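1. sequence first, predicted model second:
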Amino acid sequence: MIVDSPMSLDYPPVPAGAILAGTAARWPDRVALRSGERAVTYRELYLAACRFAHALHAEGVGSGDVVAVHLGNCPEFAIAYHGILLAGATYTPANPLLPPSDLAAQLADSGAVLAVSFGPAAEALGAVRDRTSVRTVVRLGAEFDGFLAGRPSTRPDVAIDVSRELAHLAYTGGTTGRSKGVALPHRNVVVNALQYACWASGAEPRVDADGGLWIEQVGDRSEYPGEVGTGVGDRKSGV
């Protein structure tokens with residue numbers, strides 16, 4: 001039965017990692033992202049992110065630690081991002097085009113202890129690493145694959161205070177001076193994601209038995225013609 005869209009939302013107190021966990025449980029075989037000819041399903045992304053989270057724990061990285069993602073658009077970015085959240089660590093993005101001095105300042109200010117990088121960008125990071133707290137750099141390719149190899153693909157059992165522990169530490173554009181870190185707890189990330197997803201689709205948040213977050217479409221389909229869990233490509237192909 002379709003009912004009117006809710007006028008307000010109740011936001012479940014779950015960590016940001018619950019978003020991918022719930023999506024992978026509900027739509028495991030749907031494509032989460034594409035890179036050229038490579039397609040990654042939600043299940044594949046989730047399992048890889050879980051392995052990345054366990055790899056972080058094996059390096060002694062967890063709650064309260066910051067991990068820098070020094071990458072462009074690629075599947076490994078998504079794997080690292082979600083893995084950081086599932087590990088209970090804090091994600092900080094680092095633009096690969098940052099000049100060395102700005103990169104060093106941002107990494108030092110964030111206190112990042114591990115960074116994921118690639119190619120020439122990793123060389124630039126290595127040149128300023130002694131001015132930061134970064135103790136491990138994981139490069140894309142064989143090194144990234146080896147970092148995940150042999151790690152469990154189950155969700156780590158991590159207790160997260162969603163109102164206090166940080167999911168994101170993102171830096172401003174720095175148009176009037178040095179970039180400043182914007183601290184976002186897990187609660188803020190989840191609420192913002194749900195506000196966009198639910199109001200755009202006439203849906204309400206739900207939590208599954210394993211603590212995964214998903215949304216159920218309840219609004220009038222004439223007002224929200226798109227079905228939750230499908231994209232433009234899905235509708236065109238009739239999938």
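-> Good, I have the coordinates.
2. pLDDT weak spots in this protein?
-> Within the chain, the set of residues satisfying pLDDT under 70 comprises 1-7, 221-222, 224-226, 230-239.
3. what ranges do the helices span in it?
-> With DSSP state H, the ranges of helices along the chain come out as 17-26, 42-58, 75-87, 100-110, 119-128, 142-148, 186-201, 232-237.
4. and among the ones you listed, the most buried is which?
-> Of all the helices of the chain, helix 75-87 carries the top mean neighbour count, a mean of 25, counting by mean count of other Cβ atoms under 10 Å. Backbone N, C-alpha and C define where each C-beta goes, glycine included.
5. can I get the CA coordinates of that helix in CSV?
-> Output of helix 75-87 as CSV, limited to C-alpha atoms (Å, rounded to 0.1, in the frame of the first residue of the first chain):
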residue,chain,number,x,y,z
PRO,A,75,36.7,1.8,-7.4
GLU,A,76,39.5,1.6,-4.8
PHE,A,77,38.4,5.1,-3.5
ALA,A,78,35.0,3.7,-2.6
ILE,A,79,36.5,0.5,-1.1
ALA,A,80,38.9,2.5,1.1
TYR,A,81,36.2,5.1,2.1
HIS,A,82,33.6,2.5,3.2
GLY,A,83,36.3,0.3,4.8
ILE,A,84,37.5,3.3,6.9
LEU,A,85,34.0,3.8,8.2
LEU,A,86,33.4,0.1,8.9
ALA,A,87,36.7,0.0,10.8
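6. which non-adjacent residue is nearest G229?
-> W27 (5.0 Å; Cβ to Cβ, 6 or more residues apart in numbering).
7. and that neighbour, how many neighbours?
-> Neighbour count for W27, taken as other Cβ atoms under 10 Å: 17.
8. just give me the neighbour total for the closest residue to A18 other than its chain neighbours.
-> Among residues not flanking A18 along the chain, L213 sits closest, at 4.1 Å (Cβ to Cβ, 6+ apart). Using other Cβ under 10 Å, the number of residues around L213 comes to 26.
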